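A.B. asks: Take a look and give me a structure for this.
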Amino acid sequence: MKNSTETTDKMFKPSFFSRSPHFQSIMASSRLRLPLKNTMAKKARKIIIKTSAGSRLLSFLSCHPSFRGLIILLHGWEGSSSSAYILATGDYFYRLGFSVCRLNLRDHGESHHLNEGLFHGALLQETFEVVKSSANLSGGKPVYLIGFSMGGNFALRIAMKHGHNPISNLRHVFAISPPFDPYKSTLAIDNGCFFYRTYFLKKWKRSLIKKQRIFPEKYDFKDMLKARTCIELTEKIMPYFREMPTYRDYFNLYTLKNDAFQNLNIPVKVFIAEDDPVVPQEDYRHVQENKFFKIYRQKFGGHCGFINLFPVRCWYNQIIAEIIT
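C.D. replies: Numbering: from 1, shown residues only. You can find the predicted model right below:
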């Protein structure tokens, strides 16, 4: 593995016409960034991993014949293993000779039927166990975890948990645009550009409708589906999570504190843009870096974007590749 300092002077410099944070954020999930032929996706096989508590999570494994190592990908909130940024990143590393495992968080992708209970952002234990089980598929080769947005938040918490419950062969963790304070990020979605609130609310409500259709005796979301903001919908859904009295209690369960990364024992890299419309920059203002934890702060990039055009290239993929190859 190369020394990470080799990449610290390589900044993301998009063309003037693609610097808009909204363009970058939209391009992150755009099918326009996908290759015409995605060998990684074609080689995938479905795996359902059962956790110690009995929950089941869906994943897709693409084994590369060269098998230089295993890349595990964690999507963002209301994304899935089929999100454009997951498929694009998976294909990029597959072409470099890595096997790729694309995980689905509970109730994401086509997995709503696998568990009766609802997804929430504090479901760390089951996500950790699935990452750990997936890492066991590496055959002793290096394992790298890459998380995006909420998946990045999960990836950071998994890196912290790895310190006292090691994941076999996990060598490096990368987080793309992870929110440190999910409450502030939810407010940013609600109070920022109308597009983001509409986008996330539509996807979340669609997911809840699907869950209700599968478990009609368990769920009735009719009233809460009238919510006009993400915060309102979060507040209304809290009765289904009796262990969390209020939505602030819920958000606090996966809020990352400024000194959260002082006991890491594995390299962790965060990629964040100053113009991210979803993750407020104040989240990062007092975060303490150390020999294991580094933040790549960029002026441009939006939320999970960092896309260059002509030809379409993803900056963080190139930086990660330089670090791990």
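A.B. asks: can you give me the helices in the chain?
C.D. replies: Using DSSP state H, the helices of the chain run over residues 21-28, 39-42, 84-95, 124-135, 150-162, 182-191, 194-214, 230-237, 247-253, 315-324.
A.B. asks: Which one of those lies nearest to residue 268?
C.D. replies: Nearest to residue 268, of all the helices of the chain, is helix 150-162, at 4.9 Å by C-beta to C-beta. Any C-beta I mention is one placed from the backbone N, CA and C, and that applies to glycine too.
A.B. asks: For that closest one, name the packing helices and strands.
C.D. replies: strand 70-74, helix 124-135, strand 143-148, strand 170-176, strand 268-273 (3 or more C-beta pairs under 8 Å, 6 or more residues apart in numbering; DSSP states H and E).
A.B. asks: Redo the ones you listed as JSON lines? Include distance to residue 279, mean pLDDT and mean neighbour count.
C.D. replies: Output for the helices and strands packed on helix 150-162, formatted as JSON lines (distance: least, C-beta to C-beta, whole Å; pLDDT from 0 to 100; neighbours: other C-beta atoms under 10 Å):
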{"stretch": "strand 70-74", "distance to residue 279": "16", "mean pLDDT": "98", "mean neighbour count": "28"}
{"stretch": "helix 124-135", "distance to residue 279": "19", "mean pLDDT": "98", "mean neighbour count": "21"}
{"stretch": "strand 143-148", "distance to residue 279": "12", "mean pLDDT": "98", "mean neighbour count": "28"}
{"stretch": "strand 170-176", "distance to residue 279": "10", "mean pLDDT": "98", "mean neighbour count": "25"}
{"stretch": "strand 268-273", "distance to residue 279": "7", "mean pLDDT": "98", "mean neighbour count": "24"}
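A.B. asks: can you tell me which of those comes nearest to residue 318?
C.D. replies: That would be strand 268-273 among these, by C-beta to C-beta, at 11.4 Å.
A.B. asks: Spatially nearest residue to residue 281, not counting backbone neighbours?
C.D. replies: Excluding the flanking residues, the one nearest residue 281 by C-beta to C-beta, 6 or more residues apart in numbering is residue 274, at 5.8 Å.
A.B. asks: Need the helices and strands packed on helix 150-162 in a markdown table (columns: distance to residue 310).
C.D. replies: A markdown table is the format used below for the helices and strands packed on helix 150-162 (distance: least, C-beta to C-beta, whole Å):
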| stretch | distance to residue 310 |
| --- | --- |
| strand 70-74 | 26 |
| helix 124-135 | 35 |
| strand 143-148 | 24 |
| strand 170-176 | 22 |
| strand 268-273 | 20 |
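A.B. asks: Point out the one among those that comes closest to residue 81.
C.D. replies: Residue 81 lies closest to strand 70-74 among these, at 7.5 Å (C-beta to C-beta).
A.B. asks: Name every strand pairing with that closest one and say which way it goes.
C.D. replies: Strand 70-74 has the following sheet partners, assigned by DSSP bridges: strand 99-103 (parallel), strand 143-148 (parallel).
A.B. asks: would CSV of these with distance to residue 224 be doable?
C.D. replies: Output for the strands paired with strand 70-74, formatted as CSV (distance: least, C-beta to C-beta, whole Å):
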stretch, distance to residue 224
strand 99-103, 27
strand 143-148, 27
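A.B. asks: any weak-confidence spans in the protein?
C.D. replies: For the chain, the stretches flagged by pLDDT under 70 are 1-9.
A.B. asks: In contact with the most centrally placed residue in the chain, which residues are there?
C.D. replies: With distances taken as C-alpha atoms, centre = their mean, residue 151 lies nearest the centre of the chain, 2.2 Å away. By C-beta atoms under 8 Å, 6 or more residues apart in numbering, residue 151 lies in contact with 73-76, 79, 105, 178.
A.B. asks: returning to that earlier point: mind checking the helices of the chain for the one nearest to residue 259?
C.D. replies: Evaluated with C-beta to C-beta, the helices of the chain place helix 150-162 nearest to residue 259, the distance being 11.3 Å.
A.B. asks: ok and that closest one relative to helix 182-191, angle-wise?
C.D. replies: 180 degrees (axes from the mean of the first three to the mean of the last three C-alpha atoms, to 10 degrees).
A.B. asks: Could you give the separation of helix 150-162 from the chain centroid?
C.D. replies: Relative to its chain's centre, helix 150-162 lies at 9 Å (C-alpha atoms, centre = their mean, to the nearest Å).
A.B. asks: please begin residue numbering at 21 from this point
C.D. replies: Got it, first residue is 21 now, which makes that one helix 170-182.
A.B. asks: Could you export that helix as PDB, CA atoms only?
C.D. replies: Only the C-alpha atoms of helix 170-182 are listed here, as PDB (Å, rounded to 0.1, in the frame of the first residue of the first chain):
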ATOM      1  CA  MET A 170     -25.000   7.800   5.300                       C
ATOM      2  CA  GLY A 171     -23.000   4.700   4.200                       C
ATOM      3  CA  GLY A 172     -19.900   6.800   4.800                       C
ATOM      4  CA  ASN A 173     -21.200   7.500   8.300                       C
ATOM      5  CA  PHE A 174     -21.700   3.700   8.800                       C
ATOM      6  CA  ALA A 175     -18.200   3.100   7.400                       C
ATOM      7  CA  LEU A 176     -16.700   5.500  10.000                       C
ATOM      8  CA  ARG A 177     -18.500   3.800  12.800                       C
ATOM      9  CA  ILE A 178     -17.400   0.400  11.500                       C
ATOM     10  CA  ALA A 179     -13.800   1.600  11.500                       C
ATOM     11  CA  MET A 180     -14.200   2.700  15.200                       C
ATOM     12  CA  LYS A 181     -15.800  -0.700  16.100                       C
ATOM     13  CA  HIS A 182     -13.000  -2.500  14.300                       C
END
